[in-house]
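Visitor: below is the structure, and that's it, no one-letter string:
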């Protein structure tokens, strides 16, 4: 190897006494200026030295930054989830106390936690309302059952107290009426329980017109009854439940009619329509939804004396809904000069479509 000074002279290396071989270095390529080599070596050495010193420092700084970031992220997540944890704890207390009247505090954050708390309170609102309705239903059912039971017990006690004075046929006739009333109440309660439980009995094509005609053929109405029935109006449903719906509507009309009951079955577009009308005292527009509530009686004309249980219309509407239809009270169209009289109940059910897309 030869090294050229900056002035251009070339120096040959001299041999030095060997003190041991450390290693071999091979250098190839064009001759280099000594100053350039020295500068490059010095810079490289300093670069290695700086990196060897800075690398641990940078690694430590990076680790610290990552640690601080993780702690900050964890604290931010804890702050964000604190309302959720609070709502969970409050909900656990409410469930343990079985008190649906209590509510979860809604944080004024306007975020997802706020919306979650509001939804929980919405569920609690529905649970509280359902609980009130259930308690009222149990109280009403107990009261309804107590009335015929009390009458039945009184008749039996009087007959036993004075067996010679009692008119046995009259006593038995009164007892039979009380038993029949108990039977109707229990039947309606069982029907509502099954409907509330979502039980789905077997369904089949039902000719609504034929169902009405068969019921009217075996029924003796207390007033004249006019029927306008279109046959071949086919719906899909359970004939027993639909028959009970019809019986409840007819029984309601018979209790309140003054001189006429009208029954009509027809098609209306894609729906089958059943109407039952009477010329009784009628239903005020404000009460047309309330009459379908359980144990509802609007006035003395719709009292226990007439044999109603206060459940018939509730069962009828629940049956209509379970068949994908609707039952409602509507205007009668009879105008006496002051106000429309009588009640008009309208049942609408989907017509059954045949394989060719036609009705039936």
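Guide: Yep, it's here. Values in this document were obtained by computation on a predicted structure and should not be read as measured data.
Visitor: in terms of helices and strands, where is the spatially closest residue to residue 152 that is not a sequence neighbour?
Guide: Here the nearest residue to residue 152 in space, its sequence neighbours aside, is residue 178; by C-beta to C-beta, 6 or more residues apart in numbering that works out to 4.0 Å. To be clear about C-beta, it is placed using only N, CA and C from the backbone, and glycine gets the same treatment. Element membership for residue 178, per DSSP states H and E: helix 168-196.
Visitor: report all helices and strands that that helix contacts.
Guide: Judged by 3 or more C-beta pairs under 8 Å, 6 or more residues apart in numbering; DSSP states H and E, helix 168-196 is in contact with helix 112-161, helix 312-322.
Visitor: give me the low-pLDDT residue ranges for the stretch 251-360 of the chain?
Guide: Low-confidence segments of the stretch 251-360 of the chain, defined by pLDDT under 70, span residues 299-308, 333-340, 354-360.
Visitor: repeat the analysis, applying 50 as the threshold.
Guide: 300-302, 336-338, 355-357 (pLDDT under 50).
Visitor: where exactly do the strands run in it?
Guide: Taking DSSP state E, counting those that start in this stretch as the test, the strands found in the stretch 251-360 of the chain are 261-268, 271-278, 326-330, 343-350.
Visitor: follow-up on the earlier one: report the angle between the helix holding residue 178 and helix 312-322.
Guide: If you take axes from the mean of the first three to the mean of the last three C-alpha atoms, to 10 degrees, helix 168-196 sits at 30 degrees to helix 312-322.
Visitor: so how far is helix 168-196 off the chain centroid?
Guide: Relative to its parent chain, helix 168-196 has a centroid offset of 34 Å by C-alpha atoms, centre = their mean, to the nearest Å.
Visitor: between it and helix 112-161, how many degrees?
Guide: Inter-element angle recorded for helix 168-196 and helix 112-161: 170 degrees (by the same axes, to 10 degrees).
Visitor: mean confidence for the helix or strand following helix 168-196?
Guide: Using DSSP H and E, the next helix or strand after helix 168-196 towards the C-terminus is strand 204-207. Averaging pLDDT along strand 204-207 yields 96.
Visitor: list of residues touching strand 204-207?
Guide: 231, 232, 233, 234, 235, 236, 237, 238, 239, 242, 352, 360 (C-beta atoms under 8 Å, 6 or more residues apart in numbering).
Visitor: please redo it, this time with the cut-off set to 6 Å
Guide: 234, 235, 237, 239, 242, 352 (C-beta atoms under 6 Å, 6 or more residues apart in numbering).
Visitor: do the same with stretch 136-149
Guide: Contacts with stretch 136-149, where a contact means C-beta under 6 Å, 6+ apart, come from 178, 181, 182, 185, 294, 295.
Visitor: before we move on, back to that, show me which positions of the helix holding residue 178 end up buried.
Guide: For helix 168-196, the buried set under the neighbour-count rule, 16 or more other C-beta atoms under 10 Å, comprises 174-175, 178, 181-182, 184-185, 188-189, 191-192, 194-195.
Visitor: tabulate the contacts of stretch 136-149 in TSV, adding columns for distance to residue 143.
Guide: Below are the contacts of stretch 136-149 laid out as TSV (distance: C-beta to C-beta, whole Å):
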residue	distance to residue 143
178	15
181	13
182	13
185	10
294	12
295	8
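Visitor: what is the nearest of these to residue 84?
Guide: Nearest to residue 84 among the contacts of stretch 136-149 is residue 294, at 38.8 Å by C-beta to C-beta.
Visitor: look up how far residue 189 lies from the closest one.
Guide: Residue 294 is 9 Å from residue 189, where distance means C-beta to C-beta, to the nearest Å.
Visitor: where does the stretch 51-200 of the chain dip in pLDDT?
Guide: Judged against pLDDT under 50, the stretch 51-200 of the chain has no low-scoring part.
Visitor: around residue 271, how many other residues sit close by?
Guide: Burial of residue 271 is recorded as 16 neighbouring residues (other C-beta atoms under 10 Å).
Visitor: so it touches residue 348, yeah?
Guide: Yes: with contact defined as C-beta atoms under 6 Å, residue 271 reaches residue 348; the gap is 4.8 Å.
Visitor: what does stretch 252-265 contact?
Guide: Stretch 252-265 is contacted from outside by 208-209, 212, 221-230, 233, 274-280, 306, 308, 312, using C-beta under 6 Å, 6+ apart.
Visitor: buried ones among these?
Guide: Here, 16+ other C-beta under 10 Å leaves 208-209, 212, 225, 229, 233, 274-280, 308, 312 buried among the contacts of stretch 252-265.
Visitor: would you check which pair of those lies furthest apart?
Guide: 233 and 308 (28.4 Å).
Visitor: check contacts around residue 133.
Guide: For residue 133, counting by C-beta under 6 Å, 6+ apart, there are no contacting residues.
Visitor: gap between it and residue 234?
Guide: Applying C-beta to C-beta, the value for residue 133 to residue 234 is 36 Å.
Visitor: with residue 256 instead?
Guide: From residue 256 over to residue 234 (counting by C-beta to C-beta), the distance is 31 Å.
Visitor: the residue nearest to residue 152 against residue 153, yeah?
Guide: No: with contact defined as C-beta under 6 Å, residue 178 does not reach residue 153; the gap is 8.9 Å.
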